[in-house]
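Colleague: next input, structure requested:
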Amino acid sequence: MFEAEPQWQRLSKTPSFFCTVMALQKVVLFGFFSSAYPFFPFLNCFFLLHRFYTSFPVHRNHHLPQFTHALGKLSVREGENFHGTGIHGVEDNNLTPSCLNEQFRLAWKTPVSISFETLLDKAFEGDLRHTLQQVIHLAHEGVQIPSDVLAQLLQLCIERHDLLSGRYIQHIVKACDLNSDAFLGSHLIRMFAAFGCLGEAMEVFKSISLPNVYTWNSIISAHVDMGHFEKAVSLYMVMRESGVDPDGHIFVSVLKAYIGIGKLDQSLWVHLDIIKYGFETEIFVCSTLIDMYTKCGDLEKACQIFSKLPEQNVVTWSVLINAHSIHGYSDKALELFECMQSGGIEPNPFTCTSVLKACLHVEDVMRTHAHIVGHGLESNNFVSSSLVHMYAKCGSFGEAHVMFERLHEQGLLAWSALITNLCHCGHDHAALNVFTDMQCEGIEVNLAIYSCILKSCAELRAFREGFLIHSSLIENNIQLDAYAGSSLINMYSKCGDLRSAIAVFQSLPQQNVVTWSALISGFLQHGFTEEGFECFQQMKQQGVEPNEFTLVSILKACSDLSMLEEGRQIHVALIECGFEQDTFVSNAIIDLYVHCNQFEDACNVFNKLFKRDVVSWSTLMGGSIEHERGEMALQLYSEMLLDGVEPSMITFVTLLRACSSIAALDHGRHLHAQIVLYGLSVDVYISSALIDMYSRCSCLEDSHMVFHRLSKYDTGIWSAMITAYAQHSDYRMAFQYLNMMQRSGLEPDSVTFLCILSACSHSGLVQEGLQHLKAMRDTHHLLPNLEHFNSVVDLLGSSNLLDEARDLLETLPVGANIVGWISLLSSCKKHVNLDIGRECFDHIVTLDGGNVTCYVFMADIYRAHGMQQHAEEIEELRRISNGWKKPGRAFIEVNKEVHRFVVGDRQHPQSEAIYDKLKVLKAQMKSEETEMLVRSDIDQVSQNTEDQLCGHCEKLAVAFGLLHTPQGTTIRVSKNLRMCSFCHMDVKFISKAEKRDIIIVDGCLVHHFQDGICKCNMYDT
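Modeller: Numbering: from 1, shown residues only. The predicted model follows:
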C-alpha cells in the first residue's frame, strides 16, 4: 500500500488526462489509500481538465484538513459552490460517513459556505470583520483553522490598524488550543507590538512552551521598536542561556538596542557573537553593525568593518556615507559617494539623501544634483524633496523654488522643507506666503509646520496671522504638543499679549520644561522680572527640572537687572548640572558677568571653555568695550581668527564700536576692507557702525561715502548720520539730514530725536531744541522719555538757563534721575553757580552717596568761589563715602598699535620722554602768557594742581603722538571721560605751536583742534 503512493504521483504526471482519470478510479475501487495526500496531484489535474464531476469520488473519501483545503481551491476555480462534504449538483447527501473520522463527521453535519482560500480573498478585499465571524463560526463547529490562515489574518490586522480584530484572532487561537504554537505566537507578538501593547505581547510570549528563534526575534524587536532597549538586551541574554542560537535578524535587533542605549563598550560582546556564529559577512547584519559604530561615534571601527566585507553593496555604502554626513565629515561623505560610483555601484534614493545632507554649500548641492539626474533618480519624490530642502538650507531659494515646481507630487515633505528653511534663514514674510499657498492647495498642515510658522509670526510681530493660525488649530481640533504650545506662547508674548500667552499655557494638557521656559521668557521680555522669577520657582516646585534654555532666560534677566548674586547662584547650579562646558549656557554666563561689572569673572568663564563659538568671542569683545578696553577687543579678534572661527555681522559691529571707542582709524579701515570681502558692506547695521566709527575718528567724508553708497535706508542709518554731525557740533547739517529723511518717506523715531536734541545742546540752540521736543510729541506722536528730558536739561544748562533746567528736573515724574542732576551740576560748575550747584549736589548724594563725580564738581565750584575750606570739606565727605573717581583713560593708535594711558601714568616705556615733552610745552605756554584759563581761574589753580594737570591722560597721549608721528600728521586720541577745560585750553595751544591737527574724542563730542581753535566752542563762553 505504501509502495503504491508514488505510483499515483507518477500517473498524475502522464500526458494523458484520460489515463490519469482511469488511474484515480482504480485507486478508489481497490482502496489503495492510507491518507488524503495521494489525491492532491489528481486534484491539480482536475483544475486543468475543468471536469468538476470527476472529482466526486475523491471528495467523498477525503478526511484530512489538507484535502479539504485543496478541494476548496478546486471548487472556487470551477465557480461552483459546495456545502460541507457535499458538492453542488450531487443529490446524494446520504452518503455514509461511518468510514470518516470524528472531525470530518462534524464538518459533514454543519454546512460551510466558503473555503479558507475564498475567506482570505474576501478579507483582503476589505471584509475583514465578516471573514472573522465566519472563521469564529468554523472554529466553534470544531473545524481546525490552519495556522497560515490565522497568520495572514493577523498580518492584515496590522495593515488595517485593527487591534480589535487581532484580539478576536487571539481568542480563535486559544479556542483551537494553539496558544503554545511558536509560529502563531510570533505573529501575535508582532501584532500586539505594532499597536504598542507590549504587555499583551509579553503574555503571549510567556504562554509559548518552546519559543524558537523567530519567537525570540519577535519579542526582542518589539522591545527595540518601543524604545525598551535595556529589556531587549536582557531578553537576548535569556535566549542565549536557554540554548537557542541567534540568527541574523536577532543580531540586527540587538544591535539596534545598543544604538538606542548609546554605550559602545557594552556592545562589543555582541560583535564577538556575530563573529562566533559566522554572520560577520552577512550584508544586512554588517550594515547594522556599521550603523551602530557610527552612531556611537566610532567611525574608524565602522570603516574597518566596511573594508572587510566580501561584497560592498549600495546598502553598506549608503550607511557609511550617511554616518559621515551625520557626524559632520562632509568632505569624507562626498568622497565616499564618488568612490562608490567609481566602483560601479548605482546609488539608491537613500544614498542620495545621505549625500545631500553632507552638502554645506550650494555648489556641493548642484554637483550632487547632477549625479542624481545622471542616475535617473530626480523623479523620486523623496529625493526631490531633499533637494528642495538642501537648496533652501544653503540659502539658494531660487533653485529650491524651481526644484519644488518640478515635483510630480508636492507633498508635505517638500512644503515643510521650503517653509522651515525660510523661517530658519529669517525670511519670515516669504515663509508666511508659502504657508498661505500650501493651505490654498489643500495640503494638510502638521504641527511641526504650525510651530515653525508661529515662530515667523513672533519675529514679525504678526499678531493677526498668529491669531488666525491659533483659530485654525482650534477649529480643526488639533491637540497642541509642547513644541507647538511653546511656539504659540512665544508668539503671543512677542506680540505683547501676555494674557493670551498665559491662557495657552494653562490650556495645555501637560506643561513641560519647554512650555515653562517659553512663558518665563515672555515675562522677562516685557520687564515682568518678578513674575518671571515666580514662574521659575513654581516650575521647580512642580518637579520640572529647568533646562539650559530656561536657565539662560533667567541669566538674561539677571544680566539686564544687574542681579549678580542671583546670577552666581544659577551659575553654581549650572555647574552642578554639568552645563559648564555648554557653549550656549557659558555665553549667557559671560554676558551676565560683563553686565554686572565682573569682567575678570567673564574672562575666567571664557578661558575655561573648550569650544568657543562666534557668540562667545563677540560677547567678550563687547565686554571689553564696556569696560573701556577697546584695544583688548581688537586683540581678541586676532585670536578668534587664529582659532578658526569666522566673524559674524555682530562681531564686525562690535569691533567697529571698539575702533570708535579708541579712535583706531587704521584698524577701522582694515575692518571695513574685511566687511567688503564678506559681502556685508550693504548691511544697514554694519553701515551705521561704520558711519559712527569714521565720525568719531573725525573722518566725516568717509561717513558720507558709506552713507551714499547704500541702496536702502532705514531710520537707524539716517540717525547715524544725524549723530555724526551732532558730535561735530554741526547742527545745520544734522537738521538737513533730518529733513532729507522725512522727504524720503521715513518718520523720525525717538532715537532720531535724541540725536537732534544732542546736536542742539552741543550748538547751544535752545529754541530749536525746545521746538523739536514739542514736535516730537505733537506732530510725530512720540512720548519723550527720560533720555530726551535729560538732553534738554543739558541744553538749558549749557546755555546758562540753570533755573529752567532745575524746574524741569523737579517736575519730571521720574524721581531717581541721577544723570539729569549730574548734568545740571556740570553746568553749574561751568557757569560757577553755587546755589543751584549745592542743590544739585544734595539731590545726588541723597540718591547715590558714593557717586564721586558730584564731589569733584562741587569742590571745583567752591574753589572757583574762593571757598577752599568748603572744598576741602567736600573732599573729606568723598573719602568718608568711599567714593573714588573713575580714572581717565586715553588711547592713541600709532603704526597700527594702540597705546593706552591713564591719568598720572608712569608705566609706559616712553614715560620719561612724554613728560619731558609736556614740560617743554608748558614752558612755551608760560612764556607766551597763554596758560590755562588766563582770565580769573588761574588764581585758583595751585602749583600742585598744575602739575597734576600736566599728567591728564589725553595730554600724555597727545605728547606720545607728537614724539612718534611725522610732522604734519593728524593726531587722533580717544578719552573715556569728558575733556576738562584746562586740557581743552592746553591742546588748543599745542595744535597751534606744533602746527598739527589734533582730534580728541571724549564721551560727549569730537573736538577738532586746528591752529589754536576748536570747532566745538564748548569752553569759549
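
Colleague: next structured bit after the helix or strand hosting V958?
Modeller: Take DSSP states H and E as the rule and V958 turns out to sit in helix 953-964. Heading C-terminal from helix 953-964, the first helix or strand you meet, by DSSP H and E, is strand 971-975.

Colleague: tell me the average confidence for that following strand?
Modeller: Per-residue pLDDT over strand 971-975 has a mean of 91.

Colleague: what does stretch 408-416 give?
Modeller: Mean per-residue pLDDT for stretch 408-416: 81.

Colleague: now do the strand or helix carrying M202: everything it contacts.
Modeller: Assigned by DSSP H and E, M202 belongs to helix 198-207. Residues outside helix 198-207 that contact it (CB atoms under 8 Å, 6 or more residues apart in numbering) are 170, 179-180, 185, 188-189, 192-193, 211, 215, 218-219, 222-223, 226, 228. To be clear about C-beta, it is placed using only N, CA and C from the backbone, and glycine gets the same treatment.

Colleague: using PDB, write down the CA coordinates of that helix.
Modeller: Output of helix 198-207 as PDB, limited to C-alpha atoms (Å, rounded to 0.1, in the frame of the first residue of the first chain):
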ATOM      1  CA  LEU A 198       3.900  45.400  24.900                       C
ATOM      2  CA  GLY A 199       2.300  43.800  28.000                       C
ATOM      3  CA  GLU A 200       0.000  41.600  25.900                       C
ATOM      4  CA  ALA A 201       2.900  40.700  23.600                       C
ATOM      5  CA  MET A 202       4.800  39.500  26.700                       C
ATOM      6  CA  GLU A 203       1.800  37.500  27.900                       C
ATOM      7  CA  VAL A 204       1.700  35.700  24.500                       C
ATOM      8  CA  PHE A 205       5.500  35.100  24.700                       C
ATOM      9  CA  LYS A 206       5.200  33.600  28.100                       C
ATOM     10  CA  SER A 207       2.400  31.200  27.000                       C
END
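
Colleague: list the buried ones in it?
Modeller: By neighbour count, with 16 or more other CB atoms under 10 Å as the criterion, the buried positions of helix 198-207 are 198, 200-202, 204-205.

Colleague: same question, stretch 373-380
Modeller: 375, 377-378, 380.

Colleague: tell me how far the ends of that stretch are from each other?
Modeller: Distance between the boundary residues of stretch 373-380 (CA to CA, to the nearest Å) amounts to 10 Å.

Colleague: please state the offset of it from the chain centre?
Modeller: Distance, stretch centre to chain centre, for stretch 373-380: 32 Å (CA atoms, centre = their mean, to the nearest Å).

Colleague: so among the contacts of helix 198-207, which ones count as buried?
Modeller: Neighbour counting with 16+ other CB under 10 Å marks 170, 179, 185, 188-189, 192-193, 211, 215, 218-219, 222-223, 228 as buried within the contacts of helix 198-207.

Colleague: just those residues: which are in helices?
Modeller: 170, 185, 188-189, 192-193, 215, 218-219, 222-223 (DSSP state H).

Colleague: in a markdown table, list the residues you listed along with distance to F610 and pLDDT.
Modeller: Output for these, formatted as a markdown table (distance: CB to CB, whole Å; pLDDT from 0 to 100):
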| residue | distance to F610 | pLDDT |
| --- | --- | --- |
| Q170 | 56 | 83 |
| G185 | 52 | 85 |
| L188 | 52 | 88 |
| I189 | 47 | 87 |
| F192 | 47 | 87 |
| A193 | 43 | 86 |
| T215 | 49 | 88 |
| S218 | 45 | 88 |
| I219 | 43 | 88 |
| A222 | 41 | 88 |
| H223 | 37 | 86 |
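
Colleague: so which of these comes closest to T529?
Modeller: Comparing these against T529 with CB to CB places H223 closest, at 47.7 Å.

Colleague: any weak-confidence spans in the stretch 701-850 of the chain?
Modeller: Along the stretch 701-850 of the chain, the model assigns pLDDT under 70 to residues 814-816.

Colleague: one step back: let's have the buried residues of helix 198-207 in CSV, adding distance to Y236 and pLDDT.
Modeller: CSV is the format used below for the buried residues of helix 198-207 (distance: CB to CB, whole Å; pLDDT from 0 to 100):
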residue, distance to Y236, pLDDT
L198, 16, 85
E200, 21, 87
A201, 16, 87
M202, 15, 89
V204, 18, 87
F205, 14, 88
